[in-house]
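Student: predicted coordinates and the sequence they were generated for:
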Amino acid sequence: MNSSMLSEQSQLPIAFTLERPEVSVVVPIYNEVESIPPLLEAIATTLQQHNLTYEIICVDDGSKDGSSELLRRLAHERVDLRAVLLRRNYGQTAAMAAGFNHAEGQVIVTLDGDLQNDPADIPLLLAKLNEGYDLVSGWRKERQDARLTRLLPSRIANWLIVKVTEVDIHDYGCSLKAYRSEVVRDMNLYGELHRFLPVLAFIEGARIAELPVRHHPRRFGRSKYGLGRTFRVLMDLFTIFFMKKFLTRPMHGFGLFGLVSMLVGFGIGIYLTFLKLGLGQAIGDRPLLILAVVLFLTGVNLFSFGLLAELSMRTYHESQNRPIYRVREVVSSRMEPARMESTGMEPKRGALLPPSD
């Protein structure tokens, strides 16, 4: 994709002002002090070449290697950078949520801070969004990671996620994604749900596409991910399954299991009644009697729980509006969206993206 393609797309009728950049790039950072300077330069170079107004939001997730100090200094020096420094390590999901909450762009692009994602692919994602999609996910088709500890668990997890959610994406773990801002603005993330953003968006009716992107070997440091992360992801998969199937009708989920449990318990009770009254057999010492009572009461409890869930679904994370992170400091010298000043170009008044239907 070249700059003329973006320029042509930007004539579409949607308002754009200096107060709102076209693109917000959100980068979660955790102990990536060596990667930060080249990453910022790569992002800025790519977006400036395509004459896009932009901002870079680096969210430091409690780094201990000097990343937060470096970001604080760079945020004073660079007009395009905003540093969001969290009080401690909350995890990548919380870091992304903080970035989303501070982003002001029409489009939000996320990528990792370890230089394995290529910022040069960002315009490709934007062009795909311009085809009418709400979310474009990167696919690391030629992934540069260890086969046994990273590739194999990832492929198994991706296969399982697709089977459970029925949202067919090859690479849920790729952080390089582009979102229309309205898609993620009101999402409430927790656990490891950041990798399930395509599923959460799909539940809300978003149109999703996938695009092969480049993936580079890690240049500095070591990976922060391990097998334990895969197991946590699988646990959150159960949450996603329930949300997709029974988000607005939890009674259908709990009620189904409750009904089955009650029917089985009731059936066993009928059988035991026949033995007692019809055949005159003693049933007081039969384990089936205990099983029938347990199954019936379990069914009643599931029904009750389903009714409560119907009334209180997701209220903790939505009605209380309680964030899952705490910001220590936000550092920025920016008064308006970053621009390549050396070109003398005036900001475009057109739109980056067509309006979503």
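Tutor: All right, it came through fine.

Student: list the buried residues in the one helix or strand residue 329 maps to.
Tutor: Taking DSSP states H and E as the definition, one finds residue 329 inside strand 327-331. Residues residue 331 are the ones in strand 327-331 that count as buried (16 or more other Cβ atoms under 10 Å). C-beta coordinates here come from the backbone N, C-alpha and C atoms, glycine included.

Student: stretch 101-115 now?
Tutor: In stretch 101-115, counting by 16+ other Cβ under 10 Å, buried: 101-103, 105-115.

Student: any idea of the pLDDT on residue 347?
Tutor: For residue 347, the model assigns a pLDDT of 40.

Student: could you do residue 64 as well?
Tutor: At residue 64, pLDDT is 93.

Student: and the longest helix along the chain, how far from the chain's centre?
Tutor: When the chain is parsed with DSSP state H, its longest helix is helix 287-312. Offset of helix 287-312 from its chain centre (Cα atoms, centre = their mean, to the nearest Å): 34 Å.

Student: so what secondary structure elements neighbour that helix?
Tutor: helix 250-273 (3 or more Cβ pairs under 8 Å, 6 or more residues apart in numbering; DSSP states H and E).

Student: not counting sequence-adjacent ones, nearest residue to the residue nearest in space to the middle of the chain?
Tutor: Nearest to the mean C-alpha position of the chain, by Cα atoms, centre = their mean, lies residue 194 at 2.5 Å. Nearest non-adjacent residue to residue 194, counting by Cβ to Cβ, 6 or more residues apart in numbering: residue 93, 4.2 Å away.

Student: inside helices: which ones of the buried residues of stretch 101-115?
Tutor: Of the positions in the buried residues of stretch 101-115, 101, 102 sit in helices, assigned by DSSP H.

Student: now residue 257, nearest residue through space, not along the chain?
Tutor: Excluding its sequence neighbours, the residue lying closest to residue 257 (Cβ to Cβ, 6+ apart) is residue 302, at 5.3 Å.

Student: hang on, isn't residue 167 packed against residue 208?
Tutor: Yes. Between residue 167 and residue 208 there is a contact under Cβ atoms under 8 Å: 7.0 Å.

Student: what sits in contact with each of these two?
Tutor: 198, 202 (Cβ atoms under 8 Å, 6 or more residues apart in numbering).

Student: which among the buried residues of stretch 101-115 gets closest to residue 129?
Tutor: residue 107 (6.5 Å; Cβ to Cβ).

Student: the closest one against residue 22, yeah?
Tutor: Yes. Residue 107 is within contact range of residue 22, at 6.6 Å (criterion: Cβ under 8 Å).

Student: three-state assignment of residue 285?
Tutor: Judged by DSSP: H, G, I helix; E, B strand; the rest coil, the three-state class of residue 285 is coil.

Student: make residue 1 into 395 and carry on from there
Tutor: From this message on, residue numbering opens at 395, which makes the last subject residue 679.

Student: re the thing from before, angle of the longest helix of the chain against helix 644-667?
Tutor: In terms of direction (axes from the mean of the first three to the mean of the last three Cα atoms, to 10 degrees), helix 681-706 departs from helix 644-667 by 160 degrees.

Student: so where is the stretch 495-644 of the chain shaky, pLDDT-wise?
Tutor: Applying pLDDT under 70 to the stretch 495-644 of the chain flags the ranges 539-544, 615, 617-625, 637-644.
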